[in-house]
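Engineer: Build me a model:
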Amino acid sequence: MQKSVSLLQDEIISTAFLAAKYLKLINFNKKAYVIGSTGITRELEAVGIPYYGVGPDPLNTNLGEFVNNEFKPDPSVGAVIVGFDEQFSFVKMVRAGSYLNDPKCIFIATNTDERFPLPGYVIPGTGSIVKAIETCSERKAIVMGKPNSYIADVLMNEHGIIPERTLMVGDRYNNIL
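Structural biologist: This is a model prediction of the structure:
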């Protein structure tokens, strides 16, 4: 007989939560451009950070028309957050790269998972999108999720987690060392 496990929402730390928490902790007071899903935007809303960018953003004209007449960078954007985005596009890459051209603009990645482990298919993960933005912006993202230290720092500082007595379980079977 298998035992049922029930987790409360506050017992799970997502990388979207960590991204919003990071911005809140540094007293971020601008708008975020989000390449990702509504999971990120819900976390930003929870801490009062305005955003834009979720959803389809296709190139409906030629690049020259888009750059010269359609895209006017929003001067209130001070961060780019990149997560998993099934609707990632060239236009989103132009927007993110343009914002990140400002060295004061914060660049956050929720995670760097290269691909989803689905036998027989290549399903690009967030890391593939992050690499594209890093390449065009010539910047490195601050990564929230494992194996980076930010998630561990939050757990230790806010929940008194002792690393020597802790086991962290990931969500991918192919990350075993």
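Engineer: hey, where'd the strands end up in this protein?
Structural biologist: Remark: strands assigned in the chain by DSSP state E are 31-35, 51-52, 77-82, 106-109, 115-116, 123-124, 142-143.
Engineer: can I get these in TSV with distance to Val94, mean neighbour count and mean pLDDT?
Structural biologist: C-beta coordinates here come from the backbone N, C-alpha and C atoms, glycine included. Converted to TSV, the strands of the chain look like this (distance: least, CB to CB, whole Å; neighbours: other CB atoms under 10 Å; pLDDT from 0 to 100):
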stretch	distance to Val94	mean neighbour count	mean pLDDT
strand 31-35	11	25	98
strand 51-52	15	16	96
strand 77-82	12	26	98
strand 106-109	15	23	98
strand 115-116	24	14	86
strand 123-124	19	13	92
strand 142-143	21	20	94
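Engineer: Would you mind giving these as JSON lines with distance to Ala19 added?
Structural biologist: Compiled in JSON lines, those are given as follows (distance: least, CB to CB, whole Å):
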{"stretch": "strand 31-35", "distance to Ala19": "9"}
{"stretch": "strand 51-52", "distance to Ala19": "11"}
{"stretch": "strand 77-82", "distance to Ala19": "5"}
{"stretch": "strand 106-109", "distance to Ala19": "5"}
{"stretch": "strand 115-116", "distance to Ala19": "20"}
{"stretch": "strand 123-124", "distance to Ala19": "20"}
{"stretch": "strand 142-143", "distance to Ala19": "9"}
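Engineer: Now for Pro58, how many residues are close by?
Structural biologist: Using other CB atoms under 10 Å, Pro58 has 10 other residues around it.
Engineer: Please read the previous query as pertaining to Ile49.
Structural biologist: Close neighbours of Ile49, defined as other CB under 10 Å, add up to 22.
Engineer: I'd assumed Lys24 was in contact with it.
Structural biologist: Yes - the criterion here is CB atoms under 8 Å, and Ile49 meets it with Lys24 at 7.2 Å.
Engineer: returning to what we had before: so which of the strands of the chain comes closest to Phe90?
Structural biologist: Each of the strands of the chain was checked against Phe90 via CB to CB, and the shortest separation belongs to strand 31-35, namely 12.0 Å.
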